[in-house]
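Peer 1: Quick check, what structure comes out for this input:
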Amino acid sequence: MSRLWRTRHGRAEPVGRFADVRFDDLFDDLESQLEAELGAERRDLEAEEERFRVGRLELRDRIAAAPKQLDLTLRGGDRLRLRRMALGRDWLNGIVLEGAPVETGALVPLHAISSVAVDADAVAASLRGAPAGDLQARLSFAFALRDLARRRASVILEGPRPAAGTIDRVGRDHLDLAEHEPGQPPRLGTVRSWRIVPFAAFDWVRLP
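Peer 2: Numbering: from 1, shown residues only. This next block holds a predicted model:
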């Protein structure tokens, strides 16, 4: 402790005591408080930015960043496990692992997916979002179907009422299907009928 002095009638008199103040400690404490407040503001800002970023993610972004092996539940209730090979703007394709004949191809429109089963690591990975400059992101479901039509590939439209045949032509939201037995070529003797099928009428396309 130190004395506090005052002058009275030409004499210095002690009037009290005060504690020694260590200004270095005081400034260190103030600096620590300021750093803590700035850190809290920075964390709040980063959290808000992350919430905003996640709020803009779409299903395609999540799938693009998720592991390649996907466990899908489709609109009709079917479960399909596959290894993703490509991901377009509104579709994905892959090799079937479970839920249909193994090693067959699958083309799945994203609107037919009701949920994707994931673990904690896959959820965290999916939040990274889609990589920038992804060319496949420009290719639509109709584009992928037109490629199958061009190659005259035999397909099965899987859903509430499966239909097998070859895709003749593709519109914006529907396709023309020449119905025939799976694996047969689309010839006059094998085609039973032709159907105009909306995309909303099937859950996925199987390539036998």
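Peer 1: Check the gap between the residue most central in space within the chain and Ser126 for me.
Peer 2: Geometric centre of the chain, nearest residue: Arg62, 0.8 Å, by Cα atoms, centre = their mean. Arg62 is 4 Å from Ser126, where distance means Cβ to Cβ, to the nearest Å. Every C-beta, even on glycine, is put in place using the N, C-alpha and C of the backbone.
Peer 1: what's around Ile113, how many residues?
Peer 2: 19 (other Cβ atoms under 10 Å).
Peer 1: and it, what does it touch?
Peer 2: 59, 72-75 (Cβ atoms under 8 Å, 6 or more residues apart in numbering).
Peer 1: Likewise for Leu148?
Peer 2: 107, 155, 167, 205, 207.
Peer 1: hmm, which of the residues you listed are the buried ones?
Peer 2: 107, 155, 167, 205, 207 (16 or more other Cβ atoms under 10 Å).
Peer 1: quick check, Ile39 in a helix?
Peer 2: One thing to correct before we go on: residue 39 is Gly, not Ile. Yes. When DSSP: H, G, I helix; E, B strand; the rest coil is applied, Gly39 is found to be in a helix.
Peer 1: how much space between it and Glu49?
Peer 2: With Cβ to Cβ as the criterion, Gly39 and Glu49 are 15 Å apart.
Peer 1: swap in Ala120?
Peer 2: Taken as Cβ to Cβ, the span from Ala120 to Glu49 is 23 Å.
Peer 1: Would you mind telling me which of the two has more residues around it?
Peer 2: Using other Cβ under 10 Å as the criterion, Ala120 and Glu49 rank with Glu49 on top: 10 against 7.
Peer 1: Just confirm that one is within a strand.
Peer 2: No. Per three-state DSSP, Glu49 lies outside any strand segment and is helix.
Peer 1: separation between it and Arg42?
Peer 2: 10 Å.
Peer 1: Below-threshold pLDDT in the protein: ranges please.
Peer 2: Low-confidence segments of the chain (pLDDT under 70): 1-28, 30, 38, 44, 46-47, 50, 130-133.
Peer 1: where exactly do the strands run in it?
Peer 2: Residue ranges of the strands in the chain, as given by DSSP state E, are 2-8, 11-18, 69-74, 79-87, 91-98, 105-109, 113-117, 154-158, 163-170, 174-179, 193-198, 204-207.
Peer 1: Arg146 reaches Gly171, doesn't it?
Peer 2: No. When contacts are counted by Cβ atoms under 8 Å, Arg146 is not listed as touching Gly171 (9.9 Å).
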